[in-house]
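Visitor: Just need the structure, nothing else, for what follows:
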Amino acid sequence: MSTTITIRVDEKTKKRLDRLAKATARSKSYLVSNAIEELLEENEWQIAEIGEGIKEADEGELTSHAEVLSKWERKVEDS
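Guide: Below you'll find the model as predicted:
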């Protein structure tokens, strides 16, 4: 089941959305709904991860600066 919401965007954004809808043969509604879903998933994930990090820190599970730097350097070398 779906519902309707109304949003305001500036004219430039609307034109961009119109062009994207035409180029992808998708409705503006589909594109906006998809964008909102992706935004929600990303933000929900980020909030959950931040919460987990705070919990770990509160429990004393911390990573030293040297450990982080070492992991980062290995990651850079591997890429």
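
Visitor: What is the subsequent helix or strand relative to whatever helix or strand residue 45 lives in?
Guide: Element membership of residue 45 [criterion: DSSP states H and E] is helix 28-58. Sequence order places helix 65-78 as the next helix or strand after helix 28-58, per DSSP H and E.

Visitor: still on that earlier bit, for the helix holding residue 45, what is the distance to the chain centroid?
Guide: Helix 28-58 sits 6 Å away from the centroid of its parent chain (C-alpha atoms, centre = their mean, to the nearest Å).

Visitor: now for that helix, which elements pack on it?
Guide: Using 3 or more C-beta pairs under 8 Å, 6 or more residues apart in numbering; DSSP states H and E, the elements in contact with helix 28-58 are helix 11-24. Bear in mind the C-beta positions are built from the backbone N, C-alpha and C, glycine included.

Visitor: For residue 1, report the pLDDT, please.
Guide: The per-residue pLDDT reported for residue 1 equals 89.
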